[in-house]
Structures are given as structure tokens and as C-alpha cells.
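Participant: sharing a model prediction with you, sequence too.
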Amino acid sequence: MDIHKYGSRPRTQAPAEYFTGEVWQDPVVTAPEPARLRALIVTFSAAARTAWHTHPLGQTLHVMSGEGRIALRGQAPRIISAGDTVWIPPHEEHWHGAAPDTEMVHMAMQEALDGSAAHWLEHVSDADYAIAPQE
């Protein structure tokens, strides 16, 4: 058993290669094999977002605070808010991040396949981010 006391592991700024805007990541778990679970608490400043990406075994997001946006390739963004949980199926191209005027914090949970939990694609353009969300 491992117990990680709150604040004992460093918070890191998410890499600009995969994110737009100020984004911070706090580790929750990277389970040792044969387990595959990876989880982070991710804090997005207003308008910050991921690049387009996929997950080999899918991803679950649980919004802890604020309001955000999530979009699948070819679809308008959808609004996500505190308390919402989102399941993204394997290999579904998507992005997620904060709403234009507010921070959003979510827990991101995904499983690794052959050591990889995400496949990163290009950055989300400002035009794609600005598409009016569907309700």
C-alpha cells in the first residue's frame, strides 16, 4: 500500500506542447503494472484547454469546480459543470478545458495501454474553441 499525503508530490504546469493557456496538474495515481490506472486533478485557467487527443482505453472526467467545455471532432462543444461526469470512448478525438471566463477543475482518469494513456494531436484553434456550445 502507498499513501501519498496531500501536498507531498509536486504540482506541475502542463506542457505547452499539449495545452493552450495556464494549466496545472496534481497527481492522484499512476498505478504500477499490471494495473493501468492514471489519474490527475487538472486545473484550467479561463479559456485554457487541451490539444486534440485520444485515449487507447477511453477517459473519464469528473468536474470538481467551475465550468468547462468538451468537444468531439466535428461537433460543437458542450458545457460541463461542477458535479458532471463525462465518459469518452477509446480513440474518440476530443478536447476539454475551461469556459472563456472561468476556471475549471476536473479529475481525469484513464488507463494506459502499452505504457501510453493518451495520443496527442494538434492544438485546438481559437476558432474551434470559440464555437458556441450546444446545450
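Facilitator: That came in fine, so what should we check first?

Participant: do you know how far His53 is from Gly68?
Facilitator: 15 Å (C-beta to C-beta, to the nearest Å). Any C-beta I mention is one placed from the backbone N, CA and C, and that applies to glycine too.

Participant: likewise Tyr18?
Facilitator: 16 Å.

Participant: can you tell me which strand in the chain is longest?
Facilitator: strand 59-72 (DSSP state E).

Participant: and after that one, which helix or strand comes next?
Facilitator: Per DSSP states H and E, the first helix or strand lying C-terminal to strand 59-72 is strand 78-81.

Participant: Tyr18 and Gly68: who's more crowded?
Facilitator: Gly68 (28 against 15; other C-beta atoms under 10 Å).

Participant: Leu37: what's it in contact with?
Facilitator: Neighbouring residues of Leu37 by C-beta atoms under 8 Å, 6 or more residues apart in numbering: 29-31, 109-111.

Participant: that one - nearest residue in space that isn't next to it in sequence?
Facilitator: Ala31 (4.4 Å; C-beta to C-beta, 6 or more residues apart in numbering).

Participant: which intervals of the chain have sub-threshold pLDDT?
Facilitator: Applying pLDDT under 70 to the chain flags no residue at all.

Participant: all the helices of it, residue numbers only.
Facilitator: 126-129 (DSSP state H).

Participant: hmm, Gly83 is touching Val63, no?
Facilitator: Yes - if you go by C-beta atoms under 8 Å, Gly83 and Val63 touch, sitting 6.5 Å apart.

Participant: pick out whichever of those two has more residues nearby.
Facilitator: Val63 (20 against 9).

Participant: residues in contact with the more buried one?
Facilitator: 80-86, 104-106.

Participant: so what's Ile79 up against?
Facilitator: Neighbours of Ile79 in contact, by C-beta under 8 Å, 6+ apart: 67-69, 99, 133, 135.

Participant: the closest residue in space to Gln13 that isn't next to it in sequence and Phe44: what is the separation?
Facilitator: Once flanking residues are discounted, Gln13 sits nearest to Trp24: 5.9 Å by C-beta to C-beta, 6+ apart. Taking C-beta to C-beta as the measure, Trp24 falls 8 Å from Phe44.
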